[in-house]
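Novice: Generate coordinates for the sequence data below:
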Amino acid sequence: MKKIAILVSGKGTGMQHILQAIKSGKLYNSMVNLVISDRWCKAIQYALKKNITVFSLIRTNKKFLSKEISNILARYIPDLIVLSGFLSILDAEFCEKWLNKVINIHPSLLPKYGGKGMYGIKVHQAVIRNKEKISGATVHYVTKNVDLGNVILKKTCQIDSDETPVSLSKKIYLIEKEILIQSINKLYNKEL
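Specialist: Okay, the predicted model is just below:
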């Protein structure tokens, strides 16, 4: 059984998709054994209801937070660490220690519209402002260089002429839901 740790900052919709995929059999031979947040959030409440071990930390500084998360992960030894709307940037030491074990889903076709400060609706606003014709989502490995880790999976969608950041975010959300589960299955099947 593969153990998945999930790092969250918000509602935890990615975490919920993973748990639903495990329950439905779309994600097999897997369990979520740990959820860590960098603030109190709805995802923590959801994980507690599912009887998952939870740690809710306080962001004091990046170095301390990364070290604290790393220490917790070392106790639970996950096979995979998934950033699910996790807004804190993990430091280089963390990224090196957990190299090729941490994945993230980003709401654009990386390397476009990635990097520090590019998350959520901000990404979609930039895509619309620059009159892009396509967008999408990317699952990638986490490295010390924000959003520049090797790509695991990407999927695109067309941008309509009357697209708004909100309507685009809804399209991208559906893509994220799909490719996150596909990526985890792909990693476990060692198809990379």
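Novice: Any stretches of the chain with poor pLDDT?
Specialist: Across the chain, residues meeting the criterion (pLDDT under 70) sit at 190-192.
Novice: where do the helices sit along the chain?
Specialist: For the chain, helices defined by DSSP state H occupy the ranges 13-24, 42-49, 62-76, 92-97, 121-129, 165-188.
Novice: So what touches the longest one?
Specialist: Contact with helix 165-188 is made by 2, 4, 13-14, 17-18, 21, 26-30, 80, 82, 103, 105, 107-108, 120-121, 124-125, 127-128, 135-137, 139, 152-155, 157, 159-160, 192, as judged by Cβ atoms under 8 Å, 6 or more residues apart in numbering. From N, CA and C alone the C-beta is placed, and that goes for glycine too.
Novice: how does it look with 7 Å?
Specialist: Residues outside helix 165-188 that contact it (Cβ atoms under 7 Å, 6 or more residues apart in numbering): 2, 14, 17, 21, 26-27, 29, 80, 103, 105, 107, 121, 124-125, 127-128, 135-137, 139, 152-153, 155, 157, 159, 192.
Novice: Please, a PyMOL command that selects the buried ones among those residues?
Specialist: Remark: buried members of those, expressed as a PyMOL selection using 16 or more other Cβ atoms under 10 Å:
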select buried, resi 14+17+21+27+80+103+105+107+124+125+127+128+135+136+137+139+152+153+155+157+159
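Novice: Let me see the domain layout of this structure.
Specialist: 1-98, 106-192 (automatic domain parsing).
Novice: how about residue 142, what does it touch?
Specialist: Residues near residue 142 by Cβ under 7 Å, 6+ apart: 83, 90, 95, 102, 103, 104, 149.
Novice: just to revisit the earlier point, do you know which of the helices of the chain lies nearest residue 112?
Specialist: Nearest of those to residue 112, taken as Cβ to Cβ: helix 121-129 at 8.1 Å.
Novice: returning to that earlier point: dump the helices of the chain to TSV, plus distance to residue 145.
Specialist: Listed next are these as TSV, based on distance: least, Cβ to Cβ, whole Å:
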stretch	distance to residue 145
helix 13-24	22
helix 42-49	26
helix 62-76	15
helix 92-97	9
helix 121-129	17
helix 165-188	19
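Novice: who wins for proximity to residue 56 among those helices?
Specialist: Closest to residue 56 of those is helix 42-49 (Cβ to Cβ; 5.2 Å).
Novice: Which of the contacts of residue 142 fall in strands?
Specialist: Of the contacts of residue 142, the ones assigned to strands by DSSP state E are 83, 102, 103, 104.
Novice: ok, and the most crowded of those residues?
Specialist: Ranked by the number of neighbours (other Cβ atoms under 10 Å), those place residue 104 first, at 26 neighbours.
Novice: Check the contact between that one and residue 83; I expect there is one.
Specialist: Yes - using Cβ atoms under 7 Å, residue 104 is in contact with residue 83, at 4.1 Å.
Novice: what's in contact with stretch 106-113?
Specialist: By Cβ under 7 Å, 6+ apart, the residues outside stretch 106-113 that reach it are 114, 123-124, 126-127, 135-138, 140, 147-148, 151, 154, 156, 172, 176.
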